[in-house]
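Student: I would like the atomic coordinates for the input below:
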Amino acid sequence: MKETLAAYENEVEELNEKLKECSAPTISTKKDGKTFSHSVREASFGLQSLGVAQKNVSDVMKLAVKAITGEEISDAPSYSFHNRITNEMKVLCRMQIKEQLQDEPDTTLMFDGTTKSVGHLCGVQLASREGNLLVGMPLQEGGTADAYTISIQKVVSRLDKTPTLKGETDNGSSLMNNVSNVMTDRCPTNAAIENNLEDITGKSLNRFKCGMHPLDTIAKDCDKSVKAFEEENQVDTKKGTNAKYPFLHRGESNTVALVRTASKIFHDTQYSCSEELKAFLKFKEMSVLSYHRYVGNRFHIYFLNSGILYYLCDEIVDFFGATYPPRNAVQECVKNALQLSELKITLRALGLIGKLFTGPWMRVLSTAKSILDMNEHFDQAYTNL
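Tutor: Numbers count the residues shown, from 1 in each chain. Predicted coordinates:
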């Protein structure tokens, strides 16, 4: 944030230097006394694109002009003006999407549901050889196959009715007729949606499935079992001992908190001691394994890092106890947690699942070098089991 702020301050200084070379600046927001100028419209959309709420855009514009030129804007746009600009941009985006996709015969339809505070949303994407385009995210009632199908139809129908940039109107052909492929996860509801789409298009669609979702489900279910085990064995690192053990995010198990926090001593420059730890492991003639950056409790990373942490557990405790006393709270938390026998049990159990089940599955799902490297490290970690 400091670097970003410094960059903005430099930009302000450069603008001020340019203004000194000009005559006294005059800020005019309206070009004919009634219509806001193109610069104002561009500024409105730019600020909203940066995440400024519509109700605050005018205030930000006033502050920016005041900071740069010292002038006051008396006739700043209203909230309804900024809302209108957003709607115009949405129409323009739909025009561009239609123009790009209407002549693409083999497009791919991707859809997925998500529940937010506003309700259940259906994200719809259309992909061609040029790339993926998000074409709509409508709010819908429920998560049934029929509800999803209706949402998809509404999104595509709105595109069909949008004129192109060349002024062409609806030519009677739907973008749905160009869809040859569908991409979803393996949820049974999605299979029913695909059946509906085949009835609508009157043709058989190529059905592609995401292979990562089953791993995500496995990770979530395993973590439920981990939490149940911790509760049964009264593993509670929250009551009065927060400074001694890894901080728990809402819904996390203690094991996940440990795996996540341990990533910091390998990758976070503020807390890391990875070079010293690697030197210690080489001295102990231990395999120096790559503890991967924690990216969430999903896919194979959860099981992989658990297994590696179990393999290095005693050596890390020895490292912090005799060679390298903890120098910050994160290192102290990792050391304390690794001495809890219950957490060592869960780490080993998760690691074995990765070794015997999710690890081999990842080899089948991907030939990416990084994935193969993960499994190579994991094989080394479990040669003694």
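
Student: what sits against residue 193?
Tutor: 111, 145, 148, 149, 152, 184 (C-beta atoms under 8 Å, 6 or more residues apart in numbering). C-beta: built from backbone N, CA, C; applies to glycine.

Student: next, the buried residues of the helix or strand hosting it.
Tutor: Taking DSSP states H and E as the definition, residue 193 sits inside helix 188-201. For helix 188-201, the neighbour count (16 or more other C-beta atoms under 10 Å) marks 189, 190, 193, 194, 196, 197, 200, 201 as buried.

Student: export those to a markdown table and tack on pLDDT and distance to residue 323?
Tutor: A markdown table is the format used below for these (pLDDT from 0 to 100; distance: C-beta to C-beta, whole Å):
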| residue | pLDDT | distance to residue 323 |
| --- | --- | --- |
| 189 | 86 | 54 |
| 190 | 87 | 53 |
| 193 | 92 | 58 |
| 194 | 93 | 58 |
| 196 | 94 | 63 |
| 197 | 93 | 62 |
| 200 | 91 | 67 |
| 201 | 90 | 66 |
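
Student: which of these sits closest to residue 275?
Tutor: residue 190 (46.8 Å; C-beta to C-beta).

Student: ok, that closest one touching residue 197?
Tutor: No: in this structure, residue 190 is not within contact of residue 197 by C-beta atoms under 8 Å, at 10.3 Å.

Student: state the phi and psi torsions of the residue lying closest to residue 173 once chain neighbours are set aside.
Tutor: Nearest residue to residue 173 in three dimensions, chain neighbours excluded: residue 102, at 7.4 Å (C-beta to C-beta, 6 or more residues apart in numbering). The phi/psi pair for residue 102 (degrees, to the nearest 10) reads phi -70, psi -20.

Student: can you give me the pLDDT of residue 204?
Tutor: Looking at residue 204, its pLDDT reads 93.

Student: now it: how far from residue 194?
Tutor: 10 Å (C-beta to C-beta, to the nearest Å).

Student: next one: residue 96
Tutor: Counting by C-beta to C-beta, the gap from residue 96 to residue 194 is 28 Å.

Student: and residue 358, which of the three is it?
Tutor: helix (DSSP: H, G, I helix; E, B strand; the rest coil).

Student: that one - how many residues pack around it?
Tutor: A count of neighbours around residue 358, defined by other C-beta atoms under 10 Å, yields 24.

Student: for it, give its distance to residue 157.
Tutor: Residue 358 is 41 Å from residue 157, by C-beta to C-beta.

Student: show me where the stretch 51-200 of the chain has its helices.
Tutor: 57-69, 79-101, 145-161, 188-201 (DSSP state H, counting those that start in this stretch).

Student: tilt between the first one and helix 79-101?
Tutor: Comparing the axes of helix 57-69 and helix 79-101 via axes from the mean of the first three to the mean of the last three C-alpha atoms, to 10 degrees yields an angle of 100 degrees.

Student: mean confidence for helix 57-69?
Tutor: On average, helix 57-69 scores 85.

Student: what is the nearest of the contacts of residue 193 to residue 81?
Tutor: residue 152 (32.6 Å).

Student: now for the closest one, how many residues are close by?
Tutor: By other C-beta under 10 Å, neighbour count at residue 152 equals 25.

Student: wouldn't it be in contact with residue 112 here?
Tutor: No: using C-beta under 8 Å, residue 152 is not in contact with residue 112; the gap is 11.2 Å.

Student: so for those two, which residues contact both of them?
Tutor: With C-beta under 8 Å, 6+ apart, residue 152 and residue 112 have common neighbours residue 122.

Student: please identify the most buried of the helices of the stretch 51-200 of the chain.
Tutor: Across the helices of the stretch 51-200 of the chain, averaging neighbours per residue (mean count of other C-beta atoms under 10 Å) puts helix 145-161 on top, at a mean of 19.

Student: just the angle for that helix relative to helix 188-201, thanks.
Tutor: Using the same axes, to 10 degrees: helix 145-161 against helix 188-201 is 40 degrees.

Student: could you list the residues in contact with helix 145-161?
Tutor: Applying C-beta under 8 Å, 6+ apart, the set of residues contacting helix 145-161 is 94, 97-98, 101, 109, 111, 113, 122, 124, 135-136, 138, 140-141, 170, 173-176, 189-190, 192-193, 195-197, 200.

Student: just how off-centre is it within its chain?
Tutor: 25 Å (C-alpha atoms, centre = their mean, to the nearest Å).

Student: poorly predicted segments of this structure, please.
Tutor: Scanning the chain for pLDDT under 70 picks out the ranges 20-28, 32-34, 165-172, 211-212, 236-243, 296-299, 361-385.

Student: show me what the nearest residue to residue 151 once chain neighbours are set aside bridges to in the sheet.
Tutor: Spatial nearest neighbour of residue 151, chain neighbours left out: residue 122 (4.1 Å); criterion: C-beta to C-beta, 6+ apart. According to DSSP bridges, the residues that bridge with residue 122 are residue 113.
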